[in-house]
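**Q** build the 3D model from these lines:
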Amino acid sequence: MKKIEIYTDGSSLGNPGPGGWCAILRYKEYEKTLSGGEEYTTNNRMELKAVIEALKALKEPCEIELFADSTYVLKGINEWLEGWIKKNFKNVKNVDLWKEFINVSKKHKININWVKGHSGHRENEICDKIAKEEALKRKNEC
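**A** Here you go, the predicted structure:
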């Protein structure tokens, strides 16, 4: 099983407002950056969307070290998701994305690492910058 590092971040201007996300995928010396956004969204949706899009980009089952500054994503995956599934996502926000996460994460082994945002972590800073640029692009299109 390939060992992949994934770094993610999301941004929203206004929360809700225009939003963007970014993910950096690293395998050995290879690196790929993905990004995108939506015209009207929340920060939490963009944080989770970055993780989903990174996982969707993988062509085979992988062992993943995921790095994110979002406690929403971290706790959602590690603490809350199991309970949400048991109660059929009753009163849970972003159900569409959580169900998509479940679907795209099934074949992978994922270990999640929290990174303090805006603290000089190289990949987190890059993802933050690109996510904000994606959000600004959408703000300027409106």
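
**Q** span of stretch 68-79 from start to end?
**A** Counting by Cα to Cα, to the nearest Å, you get 15 Å between the two ends of stretch 68-79.

**Q** no wait, stretch 109-125
**A** 25 Å.

**Q** where does this protein have low pLDDT?
**A** 142 (pLDDT under 70).

**Q** what's the longest helix in it?
**A** helix 122-141 (DSSP state H).

**Q** ok now that helix, how far from the chain's centre?
**A** Chain-centre distance of helix 122-141: 13 Å, with Cα atoms, centre = their mean, to the nearest Å.

**Q** pull out the buried residues from it.
**A** By neighbour count with 16 or more other Cβ atoms under 10 Å, helix 122-141 contains the buried residues E123, N124, E125, C127, D128, I130, A131, K132, E134, A135, R138, K139. The way it works is simple: take the backbone N, C-alpha and C, and place the C-beta from them, glycine included.

**Q** the nearest residue to the second one once chain neighbours are set aside: neighbour count?
**A** Okay, so that is N124. Computed as Cβ to Cβ, 6 or more residues apart in numbering, the closest residue to N124 that is not its neighbour in sequence is V115, at 5.0 Å. Other residues lying near V115 total 19 when counted by other Cβ atoms under 10 Å.

**Q** V115 touches D69, doesn't it?
**A** Yes: look at V115 against D69 with Cβ atoms under 8 Å: they come within range, at 5.0 Å.

**Q** now the common contact residues for these two.
**A** Shared contacts of V115 and D69, defined by Cβ atoms under 8 Å, 6 or more residues apart in numbering, comprise N124.

**Q** returning to what we had before: ok, the residue nearest to N124 - contacts?
**A** Y7, F67, A68, D69, H121, N124.

**Q** now for those: which two are most distant?
**A** A68 and H121 (10.7 Å; Cβ to Cβ).

**Q** more neighbours, the two?
**A** A68 (26 against 16).

**Q** so that one makes contact with D9?
**A** Yes: A68 is in contact with D9 according to Cβ under 8 Å; the separation is 7.1 Å.

**Q** list the residues that contact both of these two?
**A** In contact with both A68 and D9: E47, A50, using Cβ under 8 Å, 6+ apart.
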